[in-house]
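Engineer: Fold the following and give me the result.
(one chain, ligands or ions: 2)
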Amino acid sequence: MASALPIALTIAGTDPSGGAGVLADIKSFQSRGVYGMSAVTSLTAQNTLGVQDVFNVPAGFLDAQLGSIFSDEAPHAMKSGMIATEEMMHVIRRYADEHSIPFVIDPVMISTSGHNLIDEGAIDYLRDSLLPLAATVTPNIPEAEKLTGITIESEADIEKAAKIFMDEIGVESVIIKGGHLKGDAVDYLFQKDDSLKLSSERIDTGHTHGTGCTFSAVITAELAKDRTLEDAFRTGKKYITEAIRKTPELGRGQGPVNHFAYKGE
Ligand SMILES: Nc1ncnc2c1ncn2[C@@H]1O[C@H](COP(=O)(O)OP(=O)(O)OP(=O)(O)O)[C@@H](O)[C@H]1O
Ligand SMILES: Cc1ncc(CO)c(N)n1
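Structural biologist: Numbering: from 1, shown residues only. Ligands and ions are numbered 1, 2, ... in the order given. The predicted structure is shown next:
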């Protein structure tokens, strides 16, 4: 019998300064009352100023980590973040195929500071073989542009991109994050038969390191509790807005968000 405690797994890279990647995910799971597990894809040397170095874990060792997890206590939902190589994607695909739990893919490509976090050659595999397995995919604007091949400058472009994600790439649903556009911070959830747009004021801060990781981790945590995707999206949006608003202003560059800020249900 599965545990009564909701469990979420992150498959992602580490950020030793704690703002992005696995640590951001685990903090998000914890503050949403969800037991966190992690399988590490890459170790990065990074901080609020940028990414200084990256060490990719061999795909076989990612397999070993996922084997340890799934052969003992399976999570109720999982997410992926940074997956640098196609070999690692093959491994993840196998587990996603074998275990029908909600899978949130944050298609991480470039760090907030502008460092490339994925092999250019792995992007096609991500799009064609991994995204169709996801319950939802959470691209930011540049990631959505790269994956759909269109330029996104307006809401009409976002709708066009969503159609490509769903009708051509074959994803079940997509959440396109407008954090990189001008004006209010607007995010869009597209599902088969409906769509939902959530807007918040744009907070005037440079401290947005790990916002994407945090947002998708909160969504994963809510899915682990068996909440609907729409509910998970609403909670993710409220959580990230408060987390950015109450930034702890750590570091000398683009600092992390505040995981103690959101007080809602
Ligand atoms: N300045 C801001 N004010 C309010 N909300 C923001 C701001 N910047 C980003 N967000 C919100 O944060 C969430 C993450 O969006 P964003 O586009 O920054 O993701 P990302 O680029 O994947 O993040 P990361 O920098 O971690 O790679 C979205 O809900 C977005 O609307
Ligand atoms: C490990 C890791 N994952 C994701 C991001 C995206 O912000 C980052 N900077 N580092």
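Engineer: Only C-alpha atoms from now on, for both contacts and neighbour counts.
Structural biologist: OK.
Engineer: Quick check: which ranges of the chain have low pLDDT?
Structural biologist: Residues of the chain meeting the criterion pLDDT under 70: 1-2.
Engineer: Surely A45 touches G18?
Structural biologist: No. A45 sits out of contact with G18 when judged by Cα atoms under 8 Å, with a separation of 10.9 Å.
Engineer: Counting neighbours, go ahead and name the busier of the two.
Structural biologist: Per other Cα atoms under 10 Å, whichever of A45 and G18 has more neighbours is G18, with 21 against 15.
Engineer: residues in contact with the more buried one?
Structural biologist: 24, 256 (Cα atoms under 8 Å, 6 or more residues apart in numbering).
Engineer: Q65 in helix, strand or coil?
Structural biologist: Secondary structure, DSSP: H, G, I helix; E, B strand; the rest coil: Q65 is helix.
Engineer: what sits against it?
Structural biologist: Applying Cα under 8 Å, 6+ apart, the residues contacting Q65 are 39-40.
Engineer: for L126, same thing?
Structural biologist: Counted by Cα under 8 Å, 6+ apart, L126 has contacts 86, 89, 107.
Engineer: now, among those residues, which is nearest to ligand 2?
Structural biologist: P107 (9.2 Å; Cα to the nearest ligand atom).
Engineer: Measure how buried that closest one is and give me the count.
Structural biologist: 25.
Engineer: Kindly report the same for the one 10 residues further on.
Structural biologist: When counting by other Cα under 10 Å, one arrives at 20 neighbours for L117.
Engineer: thinking it is in contact with I110, fair?
Structural biologist: Yes. Applying Cα under 8 Å as the test, L117 and I110 come out as touching, 5.4 Å apart.
Engineer: which helices and strands sit right next to the lengthiest strand in the chain?
Structural biologist: The longest strand of the chain (DSSP state E) is strand 35-47. Helices and strands touching strand 35-47, by 3 or more Cα pairs under 8 Å, 6 or more residues apart in numbering; DSSP states H and E, are strand 7-14, helix 21-31, strand 50-56, helix 59-70.
Engineer: quick revisit: what about the contacts of L126, which are in helices?
Structural biologist: Taking DSSP state H, the ones among the contacts of L126 that sit in helices are 86, 89.
Engineer: and ligand 2, which of the contacts of L126 contact it?
Structural biologist: Contacts with ligand 2 within these, counted by Cα under 6 Å from any ligand atom: none were found.
Engineer: want to try JSON lines for the contacts of L126, with distance to ligand 1 as columns?
Structural biologist: Below are those laid out as JSON lines (distance: Cα to the nearest ligand atom, whole Å):
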{"residue": "E86", "distance to ligand 1": "20"}
{"residue": "M89", "distance to ligand 1": "19"}
{"residue": "P107", "distance to ligand 1": "8"}
